[in-house]
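Undergrad: What follows is a predicted structure for the sequence shown.
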Amino acid sequence: MNIYTSEQKEIANKIGDNYQISSWRDWKWQIRHSVRDVKTFEHLLGVTFTEDEINDVEETLRKFPLSITPYYLSLIDKNNYATDPIFRQSFPSPSELVVSQCDHADPLHEEADSPAPGITHRYPDRVLFHISNVCSMYCRHCTRKRKVGDVDSIPDREEINKGLDYIRQTPVIRDVLLSGGDPLMLSDEYLDWILTELRTIPHVQVVRIGTRMPVVLPYRITDSLIEVFKKHHPIWINTHFNHPREITPSAKESLAKLANAGIPLGNQTVLLAGINDCPHIIKALVQKLVENRVRPYYLYQCDLSEGLSHFRTTVGKGMEIMESLIGHTSGFAVPTYVIDAPGGGGKIPVMPNYLITLATNKVVLRNYEGVITSYQEPDSYEPVFCDRNCADCKLHLNLDGAEEYEGIGIMRLLADHDDTISLTPEDNDRMKRRNNA
Ligand SMILES: *Cc1c(COP(=O)(O)O)cnc(C)c1O
């Protein structure tokens with residue numbers, strides 16, 4: 001079986017370093033040879049940037065460093081690299097230096113909501129636990145850009161212990177989300193230690209891990225890592241695919257290993273201008289994800305972090321994408337579109353409106369096709385907030401003498417005297433199928 005593409009072979013040969021056929025799939029080899037400067041990037045990809053381009057990028061690098069694994073680099077289409085989604089997620093752009101008025105270093109106030117080192121406690125029953133400051137690849141759209149390359153180290157046991165103590169002393173926490181950086185940058189032994197400690201805390205029911213390894217370094221999902229996870233179930237993993245091109249044979253293999261180990265897999269996508277802001281791309285992505293047993297979890301509106309303004313889309317674009325998914329594809333392939341509230345309010349789900357209007361006992365809705373329908377609510381429902389003291393009720397229901405009128409359009413759906421149950425556009429495809437049957 002040929003497990004390498006010609007691009008991968010070419011890159012591996014250029015890296016040299018006693019390169020052997022097995023090196024490519026060795027995650028430590030990949031990290032050791034992560035590309036951290038523009039010259040090496042050019043050389044390994046086999047492209048030439050202009051001097052102006054290089055100067056611009058060098059300036060960006062002084063603020064936000066570059067790092068990409070040889071694997072992820074090998075996915076770039078070098079003949080069309082400027083518009084390539086993998087290139088755009090990994091290669092610095094001078095636009096990152098543009099600071100707009102709404103930008104913040106920490107828009108989500110993660111530091112303000114931090115009661116202990118590495119802990120963000122925002123929601124009542126769960127915490128985010130940052131156990132690594134590093135990643136194998138620096139995403140240009142990182143929401144924690146302020147921290148990238150800051151402390152190029154793994155927090156020591158003393159630091160981690162402070163976070164563990166907080167979790168231990170806070171019985172409302174039933175769900176711990178390991179994040180970073182990328183938690184899978186830690187060694188198997190270190191992860192095993194953290195997971196073992198968490199498992200000794202009776203109120204911690206689930207542990208989640210957020211990692212981009214299946215996307216940028218799938219070889220990190222080794223058999224020995226799987227053995228560690230299996231010891232500490234229930235473990236849930238959320239990964240971060242943004243584009244269908246990232247779902248390669250190697251990525252699929254890593255996802256299959258995780259799923260076969262009984263780990264429920266989710267995916268968080270960030271909506272990114274020029275990368276995936278298209279209903280066709282997102283639909284192809286979510287369908288490929290479920291094919292690989294990954295449930296699309298969140299579609300994020302791009303945060304207001306500094307240096308991300310060129311990646312932001314309007315919320316309308318996200319809405320258009322959700323409109324193209326709901327009803328049009330498997331329900332479990334549809335993520336929840338969220339805006340993470342600036343100021344630390346947490347994730348706010350947003351979606352197109354399906355509820356058109358309401359009357360006392362009727363709801364008027366529309367579906368993905370544009371069909372407008374009504375749902376008759378129960379007449380017998382007794383609202384719990386009413387004290388039922390009707391004799392003393394101040395409402396006067398005598399409508400004698402009110403004008404009579406013929407309902408049209410949506411009013412017909414709302415009226416009790418009309419039997420219409422839905423308004424269907426004349427050229428509705430589904431109705432045509434029904435009529436032809
Ligand atoms: C996203 C997030 C969580 C987890 O939220 P879920 O909706 O449960 O996935 C927890 N804490 C913080 C700070 C978060 O940003």
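TA: Received the coordinates, thanks. Computed from a predicted model, the values in this text were never measured in an experiment.

Undergrad: so where's the protein shaky on pLDDT?
TA: Counting by pLDDT under 70, the chain has low-confidence residues at 1-3, 17-19, 149-153, 382-406.

Undergrad: mind giving me the domain split of it?
TA: Domain ranges of the chain: 6-93, 119-349, 353-382, 392-437, per automatic domain parsing.

Undergrad: can you redo the ones you listed as JSON lines with mean neighbour count and distance to residue 99?
TA: Every C-beta, even on glycine, is put in place using the N, C-alpha and C of the backbone. JSON lines is the format used below for the domains of the chain (neighbours: other Cβ atoms under 10 Å; distance: least, Cβ to Cβ, whole Å):
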{"stretch": "domain 6-93", "mean neighbour count": "17", "distance to residue 99": "10"}
{"stretch": "domain 119-349", "mean neighbour count": "18", "distance to residue 99": "6"}
{"stretch": "domain 353-382", "mean neighbour count": "13", "distance to residue 99": "34"}
{"stretch": "domain 392-437", "mean neighbour count": "10", "distance to residue 99": "47"}
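
Undergrad: Identify whichever of those lies nearest to residue 112.
TA: With Cβ to Cβ as the criterion, residue 112 lies closest to domain 119-349 of the domains of the chain, at 6.2 Å.

Undergrad: Chain neighbours aside, what residue packs nearest to the most centrally placed residue in the chain?
TA: Central residue of the chain (Cα atoms, centre = their mean): residue 268, 1.8 Å from the mean position. Sequence neighbours aside, residue 298 is the residue nearest to residue 268 in space, at 4.7 Å (criterion: Cβ to Cβ, 6 or more residues apart in numbering).

Undergrad: hmm, back to that, may I have the phi/psi pair for the residue nearest to the centre of the chain?
TA: Here is the backbone geometry of residue 268 (degrees, to the nearest 10): phi -110, psi 120.

Undergrad: Wait, it touches residue 297, no?
TA: Yes. Judged on Cβ atoms under 8 Å, residue 268 makes contact with residue 297 at a distance of 5.7 Å.

Undergrad: Find the residues that touch each one of the two.
TA: Common contacts of residue 268 and residue 297 (Cβ atoms under 8 Å, 6 or more residues apart in numbering): 238, 335.

Undergrad: circling back: the residue nearest to the centre of the chain: what's it in contact with?
TA: 210, 238, 239, 240, 297, 298, 299, 300, 335.

Undergrad: Distance check, it against residue 22.
TA: 32 Å (Cβ to Cβ, to the nearest Å).

Undergrad: re the thing from before, would you reformat the domains of the chain as CSV and include distance to residue 100?
TA: Shown next, in CSV, are the domains of the chain (distance: least, Cβ to Cβ, whole Å):
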stretch, distance to residue 100
domain 6-93, 15
domain 119-349, 5
domain 353-382, 29
domain 392-437, 41
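
Undergrad: Of these, which is nearest the ligand?
TA: domain 119-349 (4.0 Å; Cβ to the nearest ligand atom).

Undergrad: Need the distance between the two termini of that closest one.
TA: Its first and final residues considered, domain 119-349 spans 23 Å by Cα to Cα, to the nearest Å.

Undergrad: now swap in stretch 301-315 and tell me
TA: 7 Å.

Undergrad: do the same with stretch 165-181
TA: Per Cα to Cα, stretch 165-181 runs 21 Å from first to last residue.

Undergrad: Would you agree residue 369 is in contact with residue 432?
TA: No. Here residue 369 lies out of contact with residue 432, judged by Cβ under 8 Å, at a distance of 11.6 Å.

Undergrad: quick one: what helix or strand has the residue lying closest to residue 337 once chain neighbours are set aside in it?
TA: Nearest residue to residue 337, sequence neighbours excluded (Cβ to Cβ, 6+ apart): residue 299, at 4.6 Å. Residue 299 belongs to strand 294-300 when elements are defined using DSSP states H and E.

Undergrad: partners of that strand, with directions?
TA: Sheet pairing of strand 294-300 (DSSP bridges) gives strand 265-270 (parallel), strand 336-341 (parallel).

Undergrad: Could you give the separation of that strand from the chain centroid?
TA: Relative to its chain's centre, strand 294-300 lies at 5 Å (Cα atoms, centre = their mean, to the nearest Å).

Undergrad: Check stretch 338-345 too.
TA: That offset, for stretch 338-345, works out to 14 Å (Cα atoms, centre = their mean).

Undergrad: Now do it: distance from first to last residue.
TA: Per Cα to Cα, stretch 338-345 runs 12 Å from first to last residue.

Undergrad: Touching that stretch from outside, list them.
TA: 104, 107-110, 112-113, 122, 143, 298-301, 303-304, 315, 346-350.

Undergrad: Would you mind marking which of those residues are also close to the ligand?
TA: 122, 347 (Cβ under 6 Å from any ligand atom).

Undergrad: Can you tell me which of the contacts of stretch 338-345 end up in strands?
TA: Counted as lying in strands by DSSP state E, out of the contacts of stretch 338-345, are 122, 298, 299, 300, 346, 347, 348, 349.

Undergrad: Greatest separation within those: which pair is it?
TA: 122 and 299, at 19.8 Å, using Cβ to Cβ across the ones in strands among the contacts of stretch 338-345.

Undergrad: re earlier: now the contacts of residue 268 in JSON lines, with distance to residue 410?
TA: JSON lines is the format used below for the contacts of residue 268 (distance: Cβ to Cβ, whole Å):
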{"residue": "210", "distance to residue 410": "44"}
{"residue": "238", "distance to residue 410": "41"}
{"residue": "239", "distance to residue 410": "43"}
{"residue": "240", "distance to residue 410": "42"}
{"residue": "297", "distance to residue 410": "35"}
{"residue": "298", "distance to residue 410": "33"}
{"residue": "299", "distance to residue 410": "30"}
{"residue": "300", "distance to residue 410": "34"}
{"residue": "335", "distance to residue 410": "31"}
